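Participant: Turn this into a model:
(one chain, ligands or ions: 1)
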Amino acid sequence: METRWLHITSENFHKIREASEGVCVIPMGCIEKHGLHLPLGTDILEASGVAYAASQIEPFCVFPDFTFGDVGTNAPTRNDGILTLTVETEMLLLEELCEQISKNGFKKILIMNGHGGNNPWLSTFLRRLGNRKRDYVVSTFMLELPALKKMGQFLMDNGPGSIPELTPEDEKYLIGCTVNKMRGGHACLGETAYIMALYPEDVHLERLGIESGENTHVADKFTEVGISVPAGWDFNYPNAYTGDDPVGCTETIGKAQLRIEAERFARAVKVYKEDTLLLEDNEKRNKNWSW
Ligand SMILES: [Zn+2]
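Facilitator: Prediction:
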């Protein structure tokens, strides 16, 4: 069924509200550099793509993309396509959108986050929301990159053909990545695989090898003594790229990864859908509220 808020007519809107049992998912990402081989919108494209695929397994409403995430502190000075909003604006915007979602009958909001840099302000957002009177609950889910972490091991445990989308070459490649302890992180194999599955024309593997994904370690001296500095990650990885070059990544690996993560997210949504604890707790808080 059509699950995307933007694609449903006003007349038919009640259908998704009923099928979703009150769950609305906000795909969230950011606009930042992803090496030289992936597009600026990688994180939101991934979150949105996985959310939509999951909604076809376990129906829920897919809210329009929350594209503008919190990007490293050097971003405002750059002019290569990177955008960032202040955290205050992000929080205000997100809260107003949640109010609108609730007004439309969805009382369980789940943020499907594709950008690690959003996690600090999202946890503050959730705590802050806990101190407001409201008739809905909000929770978060972090996107994972199974190509690097899980698929090679799964193939070794379960044998050839156990991930139906993969070709024999894909299987060999993914097992090799696991055995050789391929390093991943940002714009790595997992992110490359997602974009290859969703927007293959946006992946430029021929640009690999030009900029390094190696850690410069220049900011390690702070972490070694327990100091947390702004943009430490950006100092260590100035090319917005971490890990080993994903040469050999294919569209079929991407399609397998997308399905695996969509299934994981669909299971999470099912738990969220069936839960009564969060809304009951919220109801109690509202009753005891003192202004
Ligand atoms: Zn990313």
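Participant: Only C-alpha atoms from now on, for both contacts and neighbour counts.
Facilitator: OK.
Participant: Per-residue pLDDT of the closest residue to His115 other than its chain neighbours, please?
Facilitator: Using C-alpha to C-alpha, 6 or more residues apart in numbering and skipping residues adjacent in sequence, the residue nearest His115 is Gly29, 5.0 Å away. Among the per-residue scores, Gly29 holds a pLDDT of 98.
Participant: how long is stretch 144-162 from one end to the other?
Facilitator: 20 Å (C-alpha to C-alpha, to the nearest Å).
Participant: That one: which residues count as buried?
Facilitator: 144-149, 151-153, 155 (16 or more other C-alpha atoms under 10 Å).
Participant: Tabulate those residues in JSON lines, adding columns for pLDDT, secondary structure and distance to Lys172.
Facilitator: Below are the buried residues of stretch 144-162 laid out as JSON lines (pLDDT from 0 to 100; DSSP: H, G, I helix; E, B strand; the rest coil; distance: C-alpha to C-alpha, whole Å):
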{"residue": "Glu144", "pLDDT": "96", "secondary structure": "coil", "distance to Lys172": "22"}
{"residue": "Leu145", "pLDDT": "93", "secondary structure": "coil", "distance to Lys172": "19"}
{"residue": "Pro146", "pLDDT": "91", "secondary structure": "helix", "distance to Lys172": "16"}
{"residue": "Ala147", "pLDDT": "89", "secondary structure": "helix", "distance to Lys172": "13"}
{"residue": "Leu148", "pLDDT": "85", "secondary structure": "helix", "distance to Lys172": "13"}
{"residue": "Lys149", "pLDDT": "80", "secondary structure": "helix", "distance to Lys172": "15"}
{"residue": "Met151", "pLDDT": "95", "secondary structure": "helix", "distance to Lys172": "11"}
{"residue": "Gly152", "pLDDT": "95", "secondary structure": "helix", "distance to Lys172": "9"}
{"residue": "Gln153", "pLDDT": "95", "secondary structure": "helix", "distance to Lys172": "12"}
{"residue": "Leu155", "pLDDT": "97", "secondary structure": "helix", "distance to Lys172": "9"}
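Participant: Grab the two from those that are most spread out in space.
Facilitator: Of all pairs drawn from the buried residues of stretch 144-162, the greatest distance, 18.0 Å, lies between Glu144 and Leu155 (C-alpha to C-alpha).
Participant: related to what we said a few turns ago, contacting residues for the residue nearest to His115?
Facilitator: Contacts for Gly29 were tallied using C-alpha atoms under 8 Å, 6 or more residues apart in numbering; they are 41-45, 47, 66-69, 113-115, 118.
Participant: could you measure it against Glu169, distance?
Facilitator: 32 Å.
Participant: Same check on Ile195?
Facilitator: Distance from Ile195 to Glu169, by C-alpha to C-alpha: 19 Å.
Participant: the more surrounded of the two?
Facilitator: Ile195 (26 against 11; other C-alpha atoms under 10 Å).
Participant: Enumerate every residue touching that one.
Facilitator: Taking C-alpha under 8 Å, 6+ apart as the test, what Ile195 contacts is 38, 42, 45-46, 202-203, 254.
Participant: Who wins on neighbours among those residues?
Facilitator: Glu46 (30 neighbours).
Participant: Lowest mean pLDDT among the helices and strands, pick that one out for the protein.
Facilitator: In the chain, the helix or strand scored least confidently by mean pLDDT, DSSP states H and E is helix 232-236, which has a mean of 87.
Participant: Let me know the next secondary structure element after that one.
Facilitator: Note on helix 232-236: by DSSP states H and E, the next helix or strand toward the C-terminus is helix 251-274.
Participant: Pull the number of nearby residues for the nearest residue to Gly248 once chain neighbours are set aside.
Facilitator: Spatial nearest neighbour of Gly248, excluding adjacent residues (C-alpha to C-alpha, 6+ apart): Tyr173 at 7.1 Å. Residues contacting Tyr173 under the criterion other C-alpha under 10 Å number 18.
Participant: from here on, count from 59
Facilitator: That works, and once the first residue is 59, the last one we named lands at Tyr231.
Participant: Sweet, I'm off.
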